[in-house]
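>>> no FASTA, just this:
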């Protein structure tokens, strides 16, 4: 087939959007939008990398207002616009696939990606048009500081984030409604049984019974392990959405009052208490979305790649339950440099409980590796390669996080590039995204009805550029942080140029990797297929197993 | 082993973490290579599950205990309310401006200095830096909270002051050069500290 033919019709005519059911289309729509937002976030990242070397380079042109506007929307686009969409899309497909039950609502699934997309664009526009730039941390009273930002920009930004959170709540509702629906294999299960399984309590009871010599509590748990991880992660995502929404309402009240000519006293809100509340919720993005969802994804990918049962499944279920308790109690590590924060809170929540992240994530890594090892020899497929890349990412990023969650280290690392480079960017770009790419390659034949991948060589080039670029960028930013470079500061005199040039080179590799991936996908499904994904589906099925009619 | 300043502590962690990073990448690469082979290379070390778990717990908790014992500012920070400082500097921050007690703060080596910083409006940072940009110490400054940090200087030098927390675009200019001078130390880090 010619290049032009593949570009228009997809590789070997093997992708037919008309054959896709409603569930497949809803999934693919969110995946496409997610990767477009990923590209936007990568572009923003490169603009900031360039400005870190020379602030006069366009489009920043030496303007701190512009620079911090980009810094404000970068995580909104990257985390909510891209990561949330990709994870939600995968899970809205996987829960019906794994449980052989129909998704509760295709309409709600479509509303989820549409709301998140509109919300992300609104927030982006608020920063682009009005330079609204309180950063994602929204430290009180900065988001309500109308001496620095226009109130209209703030309202637009907050409404955008609120739409993202509403979309998130709809996703959660869809997942809960699907998991708890009494159809198919769950026809005879009680809500109590499903809840016990969802929280991983059955795994913990199985372990306890084994230690005390009793019969297993449950030989066949009501929910498969990846579904437990999805359910479990969703609990944190739900709490996080409520916290962000509540902070948004507070900011809106102040901004709308200001627009109405009324000046409310910002000092009536305790800035430190607000910080605690906000970080309690925001940290659940890291623990709920990244750690739990990723652990669940590793378990799923390991079992799908090997075709075998997960090693130490009961321990894995119990670890998910343990992570529930850990993730709710660790937020104070974000406030180790806040001297008004009670010292006991710093010691117990910030240091000691946070250290348990090493244990829960280490367990997930161990279980995944052993599951793969027991099934060797394995073919080094794209999904296996990406899964190993994801394991490396978290193997690097979690200990880097524990280092800064320490009262001695935090005193000289807080707000430096170490935090955002060695910890956050390696966790997200290498750990999370490589895991998600592995899921994309596993799900590809299922959601596209066996469309052919246009080029394996391009896929390999994408893999190596993403892996080396991601680790390199995070590492060089981290090294700059160890030399005192702040992460929320624009330097004008080339103070850290060596590390910033090296990290920009690695960032460029990431951007090129994304372009190769995007090109490969377009050539695989064709432009016609790409448009067709967004057209209504004739096949209204919302399941990969049974439908309500024959449930 | 004792770390007297942030340079020593960060240099140690830089080496330790780099070794760890190379090790974990090598282990996963070795693991991936062997996944595809029928003839599997024997591991140099066979680590039982419980040893691995014990290592994770020891590494997570041990890291805090290790730094508490070897980094002098941790115990001093936790006990700062009950320690009598040699000097107290009260600093106020308002409208992105540091209001300092004098144009230059001169301290003698080994003195315990308490910085008592108040914010009148936004969340700021209070960070001291060496002339080569490396960080000496910092804290967050919240409006409505007591923000104090007790610090002992062990090296001679001249230090700059910067806000280490984002307080809007205007905060980017919060830089006061040569605000502090430490005198009388036996160890001299050229220009206030170099590696």
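Okay, I see it. Note that the coordinates shown come from a computational prediction; the quantities given were computed from them, not determined experimentally. Numbering: from 1, shown residues only, chains lettered A, B, ... in the order given.
>>> Going by C-alpha atoms from here, please, whenever you check contacts or count neighbours.
Will do.
>>> phi, psi of the residue of the stretch 451-551 of chain A found nearest chain B?
Nearest to chain B in the stretch 451-551 of chain A, going by CA to the nearest CA, is residue A:484, at a distance of 4.3 Å. In terms of degrees, to the nearest 10, the main-chain angles of residue A:484 are phi 100, psi 0.
>>> Not counting residues beside it along the chain, what's closest to it?
Using CA to CA, 6 or more residues apart in numbering or on different chains and skipping the chain neighbours, the partner closest in space to residue A:484 is residue B:134 (4.3 Å).
>>> number of nearby residues for the one you found?
Residue B:134: 23 surrounding residues under other CA atoms under 10 Å in any protein chain shown.
>>> Residue A:480 is in contact with that one, correct?
No. Judged on CA atoms under 8 Å, residue B:134 makes no contact with residue A:480 at a distance of 9.5 Å.
>>> phi, psi of the residue nearest to residue A:484?
Taking degrees, to the nearest 10 as the convention, residue B:134 sits at phi -70, psi 150.
>>> any low-confidence regions in chain A?
A:1, A:288, A:545-551 (pLDDT under 70).
>>> any idea which helix is longest in it?
helix A:497-533 (DSSP state H).
>>> List phi and psi for the residue of chain A positioned farthest from its centre.
Within chain A, the residue lying farthest from the chain centre (CA atoms, centre = their mean) is residue A:213, at 40.4 Å. Dihedral angles of residue A:213 (phi, psi; degrees, to the nearest 10) stand at phi 80, psi 20.
>>> Three-state assignment for the residue positioned nearest the centre of chain A, please.
Among the residues of chain A, the one closest to the centroid is residue A:83, at 4.0 Å (CA atoms, centre = their mean). Assigned by DSSP: H, G, I helix; E, B strand; the rest coil, the conformation of residue A:83 is helix.
>>> from memory it sits against residue A:33, does it?
No. Judged on CA under 8 Å, residue A:83 makes no contact with residue A:33 at a distance of 10.4 Å.
>>> Give the closest residue to the residue nearest to the centre of chain A in space, chain neighbours not counted.
Nearest to residue A:83 is residue A:34, by CA to CA, 6+ apart, at 6.8 Å.
>>> Contacts only, for the one you found.
Listed by CA atoms under 8 Å, 6 or more residues apart in numbering or on different chains, the contact partners of residue A:34 are A:81-83, A:85-86.
>>> all helices in chain B, in order from the N-terminus.
In chain B, the helices defined using DSSP H lie at B:6-35, B:49-70, B:72-78.
>>> Residue A:298 reaches residue A:368, doesn't it?
Yes. Using CA under 8 Å, residue A:298 is in contact with residue A:368, at 6.3 Å.
>>> Flag the shaky bits of chain B, pLDDT-wise.
B:187-195.
>>> redo that, cut-off 90
Within chain B, the stretches with pLDDT under 90 are B:1-5, B:38-49, B:69, B:72, B:154-155, B:185-195.
>>> give me the residue from it nearest chain A.
residue B:134 (4.3 Å).
>>> residue contacts, the residue lying farthest from the centre of chain B?
Residue farthest from the centre of chain B, counting by CA atoms, centre = their mean, is residue B:38 at 48.5 Å. By CA under 8 Å, 6+ apart, the contact list for residue B:38 reads A:376-377.
>>> Near chain B, which residues of the stretch 301-450 of chain A are found?
A:337-340, A:343, A:351-352, A:355-356, A:358-359, A:362-363, A:372-373, A:376-380, A:388, A:391-392, A:395-396, A:400, A:402-403, A:406-409, A:411-412, A:414-415 (CA under 8 Å from any CA of the partner chain).
>>> buried subset of the residues you listed?
In those, burial by neighbour count holds for A:337-340, A:343, A:351-352, A:355-356, A:358-359, A:362-363, A:372-373, A:376-378, A:388, A:391-392, A:395-396, A:400, A:402-403, A:406-409, A:411-412, A:414-415, counting by 16 or more other CA atoms under 10 Å in any protein chain shown.
>>> what's near enough to touch residue A:19?
Residue A:19 touches A:449, A:539, counting by CA under 8 Å, 6+ apart.
>>> From what I see, residue A:6 and residue A:526 are in contact.
Yes. Here residue A:6 reaches residue A:526: they are 6.0 Å apart, a contact under CA under 8 Å.
>>> ok, these two, which is more surrounded?
Neighbour count, other CA under 10 Å: between residue A:6 and residue A:526, residue A:526 has more, with 27 against 20.
>>> So the more buried one is in contact with residue A:14, correct?
No. Residue A:526 is not in contact with residue A:14 according to CA under 8 Å; the separation is 9.8 Å.
>>> on that earlier part again, with residue A:422 as the reference, name the closest of the helices of chain B.
Proximity to residue A:422 (CA to CA) singles out helix B:6-35 among those, at 10.3 Å.
>>> Just the buried residues of the closest one, please?
Buried, per 16+ other CA under 10 Å, within helix B:6-35: B:6-7, B:9-10, B:17, B:21, B:24-25, B:28, B:31-32, B:34-35.
>>> and if you look at stretch A:181-200?
Result for stretch A:181-200 [16+ other CA under 10 Å]: buried residues A:181-184, A:186, A:193-200.
>>> do stretch A:320-331 as well
A:320-324, A:326-331.
>>> Repeat that for stretch A:202-220.
Per 16+ other CA under 10 Å, stretch A:202-220 contains these buried residues: A:202-207, A:217.
>>> Okay, the residue nearest to residue A:484 and residue A:151: tell me how far apart.
37 Å (CA to CA, to the nearest Å).
>>> picking up where we left off before, need the contact list for the residue of chain B closest to chain A.
A:482-485, B:7, B:193.
>>> again, but for residue A:512
A:462, A:465.
>>> Kindly report the same for residue A:507.
A:45-46, A:49, A:469-470, A:473.
>>> From those, pick the one nearest residue A:494.
Distances from residue A:494 to these, taken by CA to CA, are shortest for residue A:49, at 12.3 Å.
>>> quick one on the thing from earlier: quick check: the farthest pair among the contacts of residue B:134?
The widest separation within the contacts of residue B:134 (CA to CA) is 15.2 Å, between A:485 and B:193.
>>> So those two - more neighbours on which side?
residue A:485 (25 against 22).
>>> Which positions in the stretch 1-150 of chain A make contact with chain B?
So the stretch 1-150 of chain A meets chain B at A:64-65, A:68, A:133-134, A:139-142, A:148 (CA under 8 Å from any CA).
>>> Among those, which are located in helices?
Filtering the residues of the stretch 1-150 of chain A next to chain B for helices - DSSP H - leaves A:64-65, A:68.
>>> Can you report phi and psi for residue A:148?
Torsion angles, degrees, to the nearest 10, at residue A:148: phi -100, psi -30.
>>> show me what contacts it?
B:168-170.
>>> ok, now residue A:450?
Here residue A:450 is in contact with A:14-15, A:444 (CA under 8 Å, 6+ apart).
>>> let's see 6 Å
By CA atoms under 6 Å, 6 or more residues apart in numbering or on different chains, no residues touch residue A:450.
>>> likewise residue A:309?
By CA under 6 Å, 6+ apart, the neighbours of residue A:309 are residue A:303.
>>> let's see 10 Å
A:299-300, A:302-303, A:371, A:375 (CA atoms under 10 Å, 6 or more residues apart in numbering or on different chains).
>>> do the same with residue A:259
Contacts of residue A:259 by CA under 10 Å, 6+ apart are A:146, A:150-152, A:155.
>>> among these, who's most crowded?
That'd be residue A:155 among the contacts of residue A:259, by other CA under 10 Å, with 25 neighbours.
>>> buried set for the helix or strand that residue falls within?
Residue A:155 belongs to helix A:151-179 when assigned by DSSP states H and E. Under the neighbour-count criterion of 16+ other CA under 10 Å, helix A:151-179 has A:151-176, A:178-179 buried.
>>> ok, it near chain B or not?
No. Helix A:151-179 stays clear of chain B (CA under 10 Å from any CA of the partner chain), getting no nearer than 13.1 Å.
>>> so how far is that helix off the chain centroid?
15 Å (CA atoms, centre = their mean, to the nearest Å).
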